[in-house]
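K.L.:
The sequence and its predicted three-dimensional model are supplied below.
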Amino acid sequence: MGMNWLKPNRKNRPIRYTDANRISKITPIVDTICKFVKPETNVKILEIGCNAGMILEELRKKGFLDLFGNDINPAVKPMMAKFFPALADIVDMRIGDILEVIYTYSDEYFDLIFTHGVLQHLPFSHDMVFSEIVKKIKKGGFLIVDEDETTVSSYHFNRDYNSIFTGLDMSPMLFYGRVKVFSKSIG
């Protein structure tokens, strides 16, 4: 059931995520990240499901240098090196299923974790990953999810991310369209 993300269909191949014409689609998430963290503060940022790294590259261009990426498809790593070589030189890129990779990071390690159209593809059997994601965010840190909550297909698993993450003690801060921003309390 679902899509084989190691051999994605034409629409989801890594090469599509290197096209400069897609910049307009990622600008809202980049702008949202920049509202909550600034590059001069040396923040650690993780993108779950980063593909070839287009969003991370835009963040690098804005001065963020402590960047981390995860993707299930090993084909994205050479794509990143080819299309975004400056990013490939600095990013801590981990290939594998987020359900396994998330455990390779220390608790309260990241200032910000974000996703862009990735959690919606995790089967319901992966729901335990949400609490692990929250554990990896520092107190006072942020989680930004840009996910489809309504589409149902063999590879879309719709969820109410507000309920999920507020149920894990994340505080909702800003919602617009598909984008939801949560913060982790300091106390």
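P.N.:
Nice, I can see it.
K.L.:
Now tell me which helix or strand of this structure has the poorest mean pLDDT.
P.N.:
helix 23-36 (a mean of 84; mean pLDDT, DSSP states H and E).
K.L.:
centre of the chain versus that helix, how much separation?
P.N.:
Its chain's average C-alpha position is 12 Å from that of helix 23-36, according to C-alpha atoms, centre = their mean, to the nearest Å.
K.L.:
now for it, which elements pack on it?
P.N.:
Secondary-structure packing of helix 23-36 (3 or more C-beta pairs under 8 Å, 6 or more residues apart in numbering; DSSP states H and E): helix 54-61, strand 110-116, strand 137-146, strand 179-184. For the C-beta atoms, the positions are set from N, CA and C on the backbone; glycine is no exception.
K.L.:
hmm, try it at 6 Å
P.N.:
With contacts taken as 3 or more C-beta pairs under 6 Å, 6 or more residues apart in numbering; DSSP states H and E, helix 23-36 sits against strand 137-146.
K.L.:
who touches the strand it packs on?
P.N.:
29, 32, 36, 108, 110-116, 161, 170, 178-184, 186 (C-beta atoms under 6 Å, 6 or more residues apart in numbering).
K.L.:
following that strand, which helix or strand shows up next?
P.N.:
Once the chain leaves strand 137-146, the next helix or strand it forms, by DSSP states H and E, is helix 161-166.
K.L.:
centre of the chain versus that next one, how much separation?
P.N.:
That offset, for helix 161-166, works out to 16 Å (C-alpha atoms, centre = their mean).
K.L.:
what ranges of this structure fall below the confidence cut-off?
P.N.:
By pLDDT under 70, the weakly predicted segments of the chain are 1-25, 187.
K.L.:
tell me the contacts of the residue positioned nearest the centre of it?
P.N.:
Most central in the chain under C-alpha atoms, centre = their mean is T115, positioned 2.7 Å from the mean C-alpha point. Residues in contact with T115 (C-beta under 6 Å, 6+ apart) are I48, V145.
K.L.:
Look at E47 and give its secondary structure.
P.N.:
strand (DSSP: H, G, I helix; E, B strand; the rest coil).
K.L.:
part of a strand, is L168?
P.N.:
No: assessed with three-state DSSP, L168 is coil; it does not lie in a strand.
K.L.:
wait, isn't it in contact with K135?
P.N.:
No: counting by C-beta atoms under 6 Å, L168 sits too far from K135 to count as a contact (9.0 Å).
K.L.:
Show me the beta-bridge partners of the closest residue to M170 other than its chain neighbours.
P.N.:
The shortest distance from M170 to any non-neighbouring residue, by C-beta to C-beta, 6 or more residues apart in numbering, is to F182 (3.7 Å). Beta bridges link F182 to L143, P172 when assigned by DSSP bridges.
K.L.:
separation between F182 and I164?
P.N.:
Distance of F182 to I164, computed by C-beta to C-beta, to the nearest Å: 10 Å.
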